[in-house]
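1. need a structure here:
(4 chains)
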Protein chains: 2
Amino acid sequence: MTLEDVARAAGVHYSTVSRALDPDTARQVNVVTRKRVAAVAKRMGYQKDMVASGLKRGRTHTVAVVVGDLGNPNIAPVLRGIANRLEPAGLMSLICESQDDPTRLERILNHLLSRRVDAVIMTGARLGDGPKLRRIRRQGIPVVLAVQNVPGIRLPAYTNDDDLGGELAAQHLLSFRHRRVAQLRGPADIYPCLQRAQGFSRTIAAAGAMEVEVRFTAPTGSPEEGHRMMRQLLDSKRALPTGIFAHHDLMAFGAITAAEERGLVCPRDVSMIGYHDLPHVERVIPSLTSIHQSREELGRLAAEALVKMLSSADGPPSSRKLAPTLVVRQSTGPPRDFR
Amino acid sequence: MTLEDVARAAGVHYSTVSRALDPDTARQVNVVTRKRVAAVAKRMGYQKDMVASGLKRGRTHTVAVVVGDLGNPNIAPVLRGIANRLEPAGLMSLICESQDDPTRLERILNHLLSRRVDAVIMTGARLGDGPKLRRIRRQGIPVVLAVQNVPGIRLPAYTNDDDLGGELAAQHLLSFRHRRVAQLRGPADIYPCLQRAQGFSRTIAAAGAMEVEVRFTAPTGSPEEGHRMMRQLLDSKRALPTGIFAHHDLMAFGAITAAEERGLVCPRDVSMIGYHDLPHVERVIPSLTSIHQSREELGRLAAEALVKMLSSADGPPSSRKLAPTLVVRQSTGPPRDFR
DNA sequence: CCAGTCGCTGCAAACGATTGTGGCAGACCC
DNA sequence: GGGTCTGCCACAATCGTTTGCAGCGACTGG
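-> Next up is the predicted model:
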């Protein structure tokens, strides 16, 4: 079922059919032929071949969405935000998982070039990914970052303000008069984690409180890692911090478990604050104080920016940082001394 | 950067380059020219245009994955299973969200035809979707179902055995000697929910126990719906069941809350068993007894089947049903009379 | 030595759409 | 009435690959 079939049935040349069916060129063909062609096309169930169209026009109407880890439950809402915003623009998302592996990412990006995607949304950028992304950009393909930013990169980015998130966590602990705190850090090559750490440390230092350094950073945000890091704190000869900021809710869970194994009770003996406000953390025991941030909105903004970049020639849209909020629940409270 | 550019640089005709670079035809060209061409292509960074190739060959190397609701946290692992299995076959997944709307689904499927996708994985099939899917199938495009099956459809399906899941839930309650039970049902046009209900009711009836009918089914599996349905049970003049099977963990949460609002304690006054074994339900209070089923594996199987259908001409691969398992936690126990 | 074969490569026609160009009417102006 | 303009449509080239076919040496067997 091609243009030619329709043309034959309608008694016109196939180029006329092409023009008649494309809203942008439809006015070039007489209204009566246009109607006739449209009717015939509809009756025959003609559907334009997007592949052929893509070859000729150089537009595939496809946006690649690169995800670090599809197992991460935080990512689904972002994908949804992206897909929903892309759809009215006639675009679709091609999903690829880099599995947080630079070599894989490199291979994937090459493949995407070969597929002639119109644009790329990078949701799992790590610190070393800048050059790779710039290479894509230089090929004339718009690239935007979502969720995770990379410092020093000149690409539109739609992220949460993780520095502020760290600050909120610190302020919350300070408000309970914690004077000795620590943080369980996420991966060192993820910029948001660095920012959380920075916002937290800065605020703690400014208040003259004491931050106990934890040497290691977690390679992933799993409960096991949280458990391991908390054990390290518990096993060290230093006095235990009374307030702890985990860079991930799951790490907070693991840390709480580790504390409980030593007979410590949260929040009586140690306050714990998580990050991400995962669904249902309000029902865990103790319900987790956490930092809430948007996900679907981030995807929507990133897609929005891309649609703009694809349709207009003016400069790249500006980045945006969304403010996270603190959700206070049962896992934080005043330190023992103040009860 | 096209075949022609490479050909010029290598001093051969571009058709020779095409043959030299395709492993399937490479043996048609002399080994020394082949090496030279390969070297030149590599040096120039040539990448074949998949769009043009797709037009000529009629293969886009793209598989559409239709998802009912991207907000559902259960879906991400399925996508991961799909993507991981597709990747080594050189395929990529194009994601589309039907938002559980038949009209939208229709539009999406048409669009997919226009994009000439190689195959379709349908993860969110509802009861009325059979004809639409058959239409795609008739166009020669392989279709497989994942997660949600549809009765009477002759398509390979990779699902969990929800009838068995219902049976397990019933057996568990019976093992505690519950004699009066009820279920909070999920959407009526989702086959897995029907099967859960059927497996549950059958097992309860066979044991001679009593199932209290709840008239309504939930349009979604949200906590609010669970709350609403539980309230209905509590408000009815009939004696309250001692064991309740919710078709979704979130509905179980809502139901527990509703019970607590009436001063009932779970599991002392009423046992609650959920479905899906969502991440972290082991930490909620009370930790939820639930039915665990696979997700990533389902995606992997569906993708596997598609790859087979695309590469070989023999009949459709056979469907598979994975057995769920019961995970016993704190939200279930013996009814009060037996303590 | 010649016909037949074989290995290699070039030629050109597709795939299905888009789009610049040109031609043919009819309308219009003076 | 001749010239110009305008509206409408057909023609054909093009996007970058794939692939059947043909040509052309070289080799081989009789």
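2. all helices for the stretch 151-300 of chain A, in order.
-> A:162-175, A:191-206, A:223-235, A:249-261, A:296-311 (DSSP state H, counting those that start in this stretch).
3. save the ones you listed as CSV, and put in distance to residue B:245 too.
-> (Each C-beta comes from the backbone N, C-alpha and C, glycine too.) What follows is the helices of the stretch 151-300 of chain A, written out as CSV (distance: least, Cβ to Cβ, whole Å):
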stretch, distance to residue B:245
helix A:162-175, 39
helix A:191-206, 40
helix A:223-235, 28
helix A:249-261, 27
helix A:296-311, 31
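4. between those, which one is nearest to residue A:61?
-> Closest to residue A:61 of these, according to Cβ to Cβ: helix A:296-311, at 9.5 Å.
5. elements contacting that closest one?
-> Applying 3 or more Cβ pairs under 8 Å, 6 or more residues apart in numbering or on different chains; DSSP states H and E, we find helix A:296-311 packed against helix A:75-86, strand A:119-122, strand A:143-147, strand A:157-160, strand A:320-322.
6. dump the residue contacts of the closest residue to residue A:89 other than its chain neighbours.
-> Closest residue to residue A:89 apart from its sequence neighbours, by Cβ to Cβ, 6 or more residues apart in numbering or on different chains: residue A:307 at 4.7 Å. Listed by Cβ atoms under 8 Å, 6 or more residues apart in numbering or on different chains, the contact set of residue A:307 reads A:85-86, A:89, A:91.
7. okay, the helices and strands packed on helix A:296-311 in TSV with mean neighbour count, distance to residue A:287 and mean pLDDT next?
-> Shown next, in TSV, are these (neighbours: other Cβ atoms under 10 Å in any protein chain shown; distance: least, Cβ to Cβ, whole Å; pLDDT from 0 to 100):
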stretch	mean neighbour count	distance to residue A:287	mean pLDDT
helix A:75-86	24	21	93
strand A:119-122	26	34	97
strand A:143-147	27	25	96
strand A:157-160	25	22	96
strand A:320-322	16	24	96
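8. quick one: closest of those to chain B.
-> Closest approach to chain B among the helices and strands packed on helix A:296-311 (Cβ to the nearest Cβ): helix A:75-86, 3.7 Å.
9. how about the closest one as CSV, C-alpha atoms only?
-> Extracted as CSV, the C-alpha positions of helix A:75-86 are listed here (Å, rounded to 0.1, in the frame of the first residue of the first chain):
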residue,chain,number,x,y,z
ILE,A,75,13.0,5.9,36.3
ALA,A,76,9.6,4.8,35.2
PRO,A,77,7.9,8.1,36.0
VAL,A,78,10.6,10.0,34.1
LEU,A,79,10.0,7.8,31.0
ARG,A,80,6.3,8.5,31.4
GLY,A,81,6.9,12.3,31.5
ILE,A,82,9.0,12.1,28.4
ALA,A,83,6.6,9.8,26.4
ASN,A,84,3.6,11.9,27.3
ARG,A,85,5.2,15.2,26.1
LEU,A,86,6.8,13.6,23.0
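10. can you give the contact residues for that helix?
-> A:63, A:65, A:67, A:69, A:92-93, A:95, A:121, A:123, A:146-147, A:295-304, A:306-307, B:70-73, B:75-76, B:95-97.
11. again, 6 Å this time
-> Helix A:75-86 is contacted from outside by A:63, A:65, A:67, A:93, A:123, A:295-296, A:298-300, A:303-304, B:70-71, B:76, B:97, using Cβ atoms under 6 Å, 6 or more residues apart in numbering or on different chains.
12. wait, which of the residues you listed is closest to DNA strand C?
-> residue A:63 (18.9 Å; Cβ to the nearest atom of the strand).
13. who does the host helix or strand of that closest one pair up with?
-> Per DSSP states H and E, residue A:63 falls inside strand A:62-67. Strand A:62-67 has its sheet partners listed here by DSSP bridges as strand A:92-97 (parallel), strand A:119-122 (parallel).
14. how about these, which one is nearest residue B:225?
-> Closest among the strands paired with strand A:62-67, using Cβ to Cβ: strand A:92-97, at 29.6 Å.
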